[in-house]
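S.K.: Just to be clear, the model below is a prediction. Sequence and coordinates:
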Amino acid sequence: MVRTLLIRGMLVGFLAGLLVFGFARVFGEPQVDRAIAFETAMDDARIKADAARGIHDAAEPELVSRPMQASYGLLTGVMVYGTAFGGLFALVFAFANGRLVALGPRAVSGLLGLLGFVAFYLVPNLKYPANPPSVGHPDTIGLRTELYVVMMALSIAAMVAAVMLCRRLAFRYGAWSAATIAAASYIAAVAVAAWALPAIDEVPGDFPAVVLWNFRTDSFGMQLLLWTTLGLGFGVLTGRADADRGRRSMRQISAAWR
Amino acid sequence: MALFQPGGTLDPQEFQMSDTTFHPDGVVTPIPVREILPWLIFGALMLLAIYFVGAEEGATAIVPGMYVHEWVHDSRHLLGFPCH
């Protein structure tokens, strides 16, 4: 049972990865190219200024060419990411189905997709948004990664706590009120976390605002596409398997009446 | 196969919980936790895979060099991880 779910989850994640790759190729890559053009212009200016003062900067060796990064490199990254999140999604679903809410597998899957998107991407990225190349000092990569992971962990922990709170309250106040209280608690918890953690602002003053905005909305779109595909796609496949079982037992019961 | 005994009561021999799945989208019996636990090893593998896309050769490194970082560079930026 868990094995079937895990394989199904990774399959849906793989397909989601393909969709996300298409989206990223069309919308995301032009922004990455513009950001890299900005970076190159900055570097060229610095090299020229240094050369005028008699300092010769060593050019950075290019390990992977830009066309490779933008095609097979991007494909590898989003496919691995999509498949891995599909697998994790399936494991969470295996636990949540029949435990989380009094709903069928399609609704549980859709709900997990929504909660996963909010907890894993939306909230951590409201605090530490996605940045295109040339935004962010290489020296602070350790700190930035740490803070991002901490914010994500807090968001996930708060989400798990909110879901458990919701279950507990549902018996006393009904599902709607319980969900409202749980959502408010989650927002309050992540707001406190976002307020307590240090801010990071490393956007160069003359970096084009439109490129930054578009890059971030494209990143948002990729994740929305991924989690929507996971939530609904996994639900469709699991719901169908479940409906088949339902029809079989219906046939059994009608046979019993003959 | 007789689901009901004479007199209309359910025959406990024939009746199974899975037969109650009348509704195609009905609530199902949860999978026991002890059945899920061994599969969490795959969950750890998934996390490792996400780490390689998101942070390898950035803040920390398992494989020396910068090749993994450069190969997944664009996806790392676009998926929202800190980079450079």
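M.R.: Nice, I can see it.

S.K.: Next, count neighbours for the residue nearest to residue B:72 when sequence neighbours are not counted.
M.R.: When the adjacent residues along the chain are set aside, residue B:72 lies closest to residue A:77, with 3.9 Å between them (C-beta to C-beta, 6 or more residues apart in numbering or on different chains). To be clear about C-beta, it is placed using only N, CA and C from the backbone, and glycine gets the same treatment. Residues near residue A:77, counting by other C-beta atoms under 10 Å in any protein chain shown, number 28.

S.K.: try the one 5 residues further on
M.R.: Neighbourhood size, residue A:82 [other C-beta under 10 Å]: 28.

S.K.: repeat for residue B:35
M.R.: As a measure of burial, residue B:35 has 13 neighbours, counting by other C-beta under 10 Å.

S.K.: Show me what counts as buried in the one helix or strand it maps to.
M.R.: Assigned by DSSP states H and E, residue B:35 falls within helix B:33-36. Buried residues in helix B:33-36, counted by 16 or more other C-beta atoms under 10 Å in any protein chain shown: residue B:36.

S.K.: just checking, what packs against that helix?
M.R.: Under the contact criterion of 3 or more C-beta pairs under 8 Å, 6 or more residues apart in numbering or on different chains; DSSP states H and E, helix B:33-36 touches helix A:74-96.

S.K.: List the buried residues for the helix or strand just after the helix it packs on?
M.R.: Beyond helix A:74-96 on the C-terminal side, the first helix or strand identified by DSSP H and E is helix A:105-116. Buried positions in helix A:105-116, judged by neighbour count with 16+ other C-beta under 10 Å: A:105-113, A:115-116.

S.K.: State the distance spanning the first to the last residue of stretch A:201-210.
M.R.: Using C-alpha to C-alpha, to the nearest Å, the span of stretch A:201-210 from its first residue to its last is 17 Å.

S.K.: Now do the buried residues in it.
M.R.: By neighbour count, with 16+ other C-beta under 10 Å as the criterion, the buried positions of stretch A:201-210 are residue A:207.

S.K.: All the helices of chain A, residue numbers only.
M.R.: Using DSSP state H, the helices of chain A run over residues A:2-23, A:29-52, A:66-68, A:74-96, A:105-116, A:123-127, A:141-173, A:175-196, A:209-228, A:234-257.

S.K.: Mean pLDDT lowest where, among those helices?
M.R.: Between the helices of chain A, the lowest average pLDDT goes to helix A:234-257, which shows a mean of 81.

S.K.: Can that helix be said to contact chain B?
M.R.: Yes - part of helix A:234-257 sits near chain B under the criterion C-beta under 8 Å from any C-beta of the partner chain, namely A:239, A:242-243, A:245-247, A:249-250, A:252-253, A:255-257.

S.K.: If you count neighbours, what's buried in that helix?
M.R.: A:234-235, A:237-239, A:242-243, A:246, A:249, A:253.

S.K.: quick one: that helix to chain centroid distance?
M.R.: Centroid separation for helix A:234-257 versus its chain: 33 Å, with C-alpha atoms, centre = their mean, to the nearest Å.

S.K.: for it, packing partners?
M.R.: Using 3+ C-beta pairs under 8 Å, 6+ apart, helix A:234-257 is in contact with helix A:2-23, helix A:74-96, helix A:105-116.

S.K.: Distance from the chain centre to stretch A:92-111, please.
M.R.: Using C-alpha atoms, centre = their mean, the distance from the centre of stretch A:92-111 to the centre of the chain it belongs to is 20 Å.

S.K.: which residues are contacting that stretch?
M.R.: With C-beta atoms under 8 Å, 6 or more residues apart in numbering or on different chains as the contact definition, stretch A:92-111 has outside contacts at A:1-2, A:5-6, A:9, A:112, A:116, A:163, A:167, A:175, A:231-232, A:234-236, A:238-239, A:242, B:23-31, B:33, B:36, B:39.

S.K.: list the contacts for the residue in chain B that chain A sits nearest to?
M.R.: Ranking the residues of chain B by distance to chain A (C-beta to the nearest C-beta) places residue B:75 first, at 2.5 Å. Residues in contact with residue B:75 (C-beta under 8 Å, 6+ apart) are A:24, A:73-74, A:76-78, A:81, B:53.

S.K.: a helix runs through it, doesn't it?
M.R.: Yes - according to DSSP: H, G, I helix; E, B strand; the rest coil, residue B:75 belongs to a helix.

S.K.: List the contacts of the nearest residue in space to residue A:228 that is not next to it in sequence.
M.R.: Of all residues not flanking residue A:228 in the chain, residue A:113 sits nearest, at 6.4 Å (C-beta to C-beta, 6+ apart). In this structure, residue A:113 makes contact with A:89, A:227-228, A:230-232, A:234-235, judged by C-beta under 8 Å, 6+ apart.

S.K.: in stretch A:171-183, what's buried?
M.R.: By neighbour count, and taking 16+ other C-beta under 10 Å as the criterion, the buried residues in stretch A:171-183 are A:178-179, A:181-182.

S.K.: which outside residues touch the helix holding residue B:35?
M.R.: Around helix B:33-36, the neighbours that count as contacts under C-beta under 8 Å, 6+ apart are A:1-2, A:91, A:94-95.

S.K.: can you redo those residues as a markdown table with neighbour count and distance to residue A:64?
M.R.: Putting the contacts of helix B:33-36 into a markdown table (neighbours: other C-beta atoms under 10 Å in any protein chain shown; distance: C-beta to C-beta, whole Å) gives the following:
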| residue | neighbour count | distance to residue A:64 |
| --- | --- | --- |
| A:1 | 11 | 41 |
| A:2 | 20 | 38 |
| A:91 | 19 | 32 |
| A:94 | 23 | 37 |
| A:95 | 16 | 39 |
